[in-house]
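Student: Here is a sequence together with a model predicted from it:
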Amino acid sequence: MATNKKMMRTLAGEVLETPPIWMMRQAGRYLPEYRATRAKAGDFLSLCYNSDLAAEVTLQPIRRYGFDAAILFADILLVPQALGADLWFVTGEGPRLSTITTQGDFDALKSVTDIHDTLAPIYETLRILTGELSDETTLIGFAGAPWTVATYMIAGRGTPDQAPAHTLRQENTALFEALLERITLATIDYLSMQIEAGADVVKLFDSWAGSLKGADFEKYALKPCRQITAALKDRHPTTPIIGFPREAGEKYVGFAKATGVDCVALDNSVDPVWAAKNVQVDGCVQGNLASRHMVTGGQALIDDTRAIVQAFSAGPHIFNLGHGITPDADPENVQLMIDTVREG
Ligand code: CP3
């Protein structure tokens, strides 16, 4: 089917003259208009659940920069909340959740069929966006991958080395695997509803995939991603899926084949020339400019942007950062990156 959406053409395997561009966390605190809308909503979670304001902040970077894709404004931790975990954000520190470390904690979680009451405003945000976006802009839905979501549910917060989750995995494997399965099934239904509400493509964020080593990477990164991809392909065969096993290193090789995803997102620890040869051989890749260039700018930003475009130019490539843009970024550096990608 013909489409005006550059990113959808790239995901279908086409090699365009200039790659489509979007940016992780493109709606965020580096933008004054985001900070103003967030203040109006009260706090971050109220913004996520206010469909009109969430749609508004999703559109802000599209209006300002003309990105090729809009990403739903929400958070990966809404799924734990929909499963019954308490969730709040501590300013300047990050997320806090009630923890799941015992069978009793797990038994108190809601069943998968009960998540949609909480998540209904998210589907409404997508419906609003389908009416607002031009026919050239791809709409991206997303969820956290089960391992990454589980690390927050087990620890009750972000952790540098995911130690609490690794401990539970070793000491109570059955409980750990039951939790992963519950998140997996919830994620399938959540993403399926996002697609029905208008998402053109969905992305699975496995931000902590890099801490799974050896056979654990297969069991807890590849397998849940494969299960989610297979179920979504069954229900929505034409919707592409992007996988982001952040800091997977050598394990990026073969990731698309092992999971069935249509595109692999690369973090910036990966050398683009290496990734073109070893990852892009299997299909579309996304990435992978270091986010710090959005703070520092200048010739280094231009040089690294050009090098990434060049390295991936022989195959399908979606230009992006290697991780989210940070609050201290300069909005003008984002424009410089876009101009460099589009004008060479
Ligand atoms: O990319 C986008 O613009 C879409 C929206 C989006 C957010 N979070 C908004 C957000 C997406 C895709 C996410 C994913 C997410 N959330 C991940 C995976 C990607 C990654 O960054 O590794 C993770 C691990 C989370 C959990 C989370 N949410 C943390 C750890 C934090 C606090 C850190 C921080 O930057 O303050 C958040 C908060 C959050 N999620 C913000 C935004 C815009 C900042 C909240 C604010 O406005 O104060």
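Tutor: Yes, it's here.
Student: only C-alpha atoms for contact and neighbour calcs from this point on.
Tutor: Fine.
Student: Leaving out sequence neighbours, find the closest residue to residue 89.
Tutor: Residue nearest to residue 89 in three dimensions, not counting chain neighbours: residue 95, with 4.4 Å by CA to CA, 6 or more residues apart in numbering.
Student: Whichever helix or strand the one you found is part of - contacts with which helices or strands?
Tutor: Per DSSP states H and E: residue 95 is located in strand 94-97. Packed against strand 94-97, as judged by 3 or more CA pairs under 8 Å, 6 or more residues apart in numbering; DSSP states H and E, are the following elements: strand 87-90, helix 146-155.
Student: May I see the buried residues of that strand?
Tutor: By neighbour count on 16 or more other CA atoms under 10 Å, the buried set for strand 94-97 is 96-97.
Student: That strand: what's the following helix or strand?
Tutor: helix 103-107.
Student: How far off centre is that next one?
Tutor: Put simply, helix 103-107 sits 28 Å off its chain's centre (CA atoms, centre = their mean, to the nearest Å).
Student: Quick one: list the elements packing against the very next helix or strand once past that helix.
Tutor: The C-terminal neighbour of helix 103-107 among helices and strands, as given by DSSP H and E, is helix 116-132. With contacts taken as 3+ CA pairs under 8 Å, 6+ apart, helix 116-132 sits against helix 44-49, helix 51-65, helix 78-82, helix 173-196.
Student: what about those helices, which gets the closest to the ligand?
Tutor: For the ligand, the closest of the helices and strands packed on helix 116-132 is helix 44-49, at 5.1 Å, according to CA to the nearest ligand atom.
Student: is the ligand contacted by that closest one?
Tutor: Yes - using CA under 6 Å from any ligand atom, we find that helix 44-49 touches the ligand at residue 44.
Student: any idea how far the one residue in the chain that gets nearest to the ligand is from residue 95?
Tutor: With CA to the nearest ligand atom, the shortest gap between the chain and the ligand falls at residue 25, namely 3.1 Å. From residue 25 across to residue 95, the span is 16 Å (CA to CA, to the nearest Å).
Student: what does residue 46 give?
Tutor: 14 Å.
Student: Count the neighbours of the closest residue to residue 150 other than its chain neighbours for me.
Tutor: Once flanking residues are discounted, residue 150 sits nearest to residue 180: 6.6 Å by CA to CA, 6+ apart. By other CA atoms under 10 Å, 21 other residues sit near residue 180.
Student: quick one: contacts for residue 298?
Tutor: By CA atoms under 8 Å, 6 or more residues apart in numbering, residue 298 lies in contact with residue 333.
Student: ok, 10 Å please
Tutor: Residue 298 is in contact with 333, 336-337, counting by CA atoms under 10 Å, 6 or more residues apart in numbering.
Student: Closest one of those residues to residue 275?
Tutor: When those are ranked by distance to residue 275 (CA to CA), residue 337 comes first, at 20.6 Å.
Student: hmm, the strand or helix carrying the closest one touching the ligand?
Tutor: Counting by DSSP H and E, the element that carries residue 337 is helix 331-343. No - Helix 331-343 lies apart from the ligand when judged by CA under 6 Å from any ligand atom; the minimum separation is 13.8 Å.
Student: And the contacts of that helix?
Tutor: Residues from elsewhere that reach helix 331-343, judged by CA under 10 Å, 6+ apart: 17-23, 26, 30-32, 61, 64-67, 289, 293-299, 301-306, 308-310, 319-320, 325, 344.
Student: Mind doing that once more with 6 Å?
Tutor: 18, 294, 297 (CA atoms under 6 Å, 6 or more residues apart in numbering).
Student: Equivalent analysis for stretch 170-186, please.
Tutor: 112, 146, 169.
Student: Can you report how many residues lie near the first one?
Tutor: Residue 112: 19 surrounding residues under other CA under 10 Å.
Student: got it, and the last one?
Tutor: Under the neighbour criterion other CA under 10 Å, residue 169 is assigned a count of 15.
Student: Which per-residue confidence value corresponds to the closest residue in space to residue 28 that isn't next to it in sequence?
Tutor: Closest residue to residue 28 apart from its sequence neighbours, by CA to CA, 6+ apart: residue 34 at 5.9 Å. Note for residue 34: predicted pLDDT of 98.
Student: Residue 34 looks like it's in a helix, true?
Tutor: Yes - remark: residue 34 belongs to a helix, assigned using DSSP: H, G, I helix; E, B strand; the rest coil.
Student: So what's the residue count around it?
Tutor: Residue 34 has 21 nearby residues by other CA under 10 Å.
Student: now do residue 205
Tutor: Neighbour number of residue 205 under other CA under 10 Å is 22.
Student: you'd agree it is up against residue 145?
Tutor: Yes - Residue 205 is in contact with residue 145 according to CA atoms under 6 Å; the separation is 5.4 Å.
Student: quick one: contacts for residue 240?
Tutor: 201, 262.
Student: Please tell me how far it sits from residue 291.
Tutor: 25 Å.
Student: Same check on residue 280?
Tutor: Taken as CA to CA, the span from residue 280 to residue 291 is 21 Å.
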